[in-house]
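Peer 1: Have a look; sequence and predicted model below, questions after that.
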Amino acid sequence: MSEWTIDTLKKHFDRRFKDQDRAVTKALAATEKRFDSVNEFRQTLADQQTTFVRNDVAETRFKGIELQLVRITDRETEVKARGIGRNDVWVILIAVAAVVISVANYLKHP
């Protein structure tokens, strides 16, 4: 005869069901923990999409900044050119004055 009785079978299966229930609970907890990490990663990606500048917007802004730099550079070149022109005028005026003074001195003392 077998050693299994209704009582021993009940205890055996109760223990097995409890063990399986614990195993399922642990597996669900581990899966939940993994999904929490995945959801956190997804949330990070979603946050990046809302905080990063879109490529077309960045290109438009960079083109605007580039245009401003070109204008500033052109303006700076223009201002420097005017300054050089003013210096040239002074040099010419001083040269003319020197010639006039030299001619006047020559005419006074031939």
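Peer 2: Here it is on my side, so go on.
Peer 1: Can you tell me the element residue 7 falls in?
Peer 2: In this assignment (DSSP states H and E), residue 7 forms part of helix 6-51.
Peer 1: The chain - how does it break down into domains?
Peer 2: Per automatic domain parsing, the structural domains of the chain span 1-52, 55-110.
Peer 1: Which one of the ones you listed has the poorest average confidence?
Peer 2: Looking at the domains of the chain, the lowest mean pLDDT belongs to domain 55-110 (a mean of 84).
Peer 1: gap between it and the chain center?
Peer 2: Domain 55-110 sits 39 Å away from the centroid of its parent chain (Cα atoms, centre = their mean, to the nearest Å).
Peer 1: Same question for stretch 40-49.
Peer 2: Relative to its parent chain, stretch 40-49 has a centroid offset of 17 Å by Cα atoms, centre = their mean.
Peer 1: Dump the C-alpha coordinates for that stretch into PDB.
Peer 2: Backbone C-alpha positions of stretch 40-49 (Å, rounded to 0.1, in the frame of the first residue of the first chain) are rendered in PDB as follows:
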ATOM      1  CA  GLU A  40      11.600  55.500 -16.200                       C
ATOM      2  CA  PHE A  41      13.600  55.200 -19.400                       C
ATOM      3  CA  ARG A  42      10.600  55.900 -21.500                       C
ATOM      4  CA  GLN A  43       9.800  59.000 -19.400                       C
ATOM      5  CA  THR A  44      13.300  60.200 -19.800                       C
ATOM      6  CA  LEU A  45      13.000  59.900 -23.600                       C
ATOM      7  CA  ALA A  46       9.600  61.700 -23.500                       C
ATOM      8  CA  ASP A  47      11.200  64.500 -21.400                       C
ATOM      9  CA  GLN A  48      14.000  64.800 -23.900                       C
ATOM     10  CA  GLN A  49      11.600  65.200 -26.700                       C
END
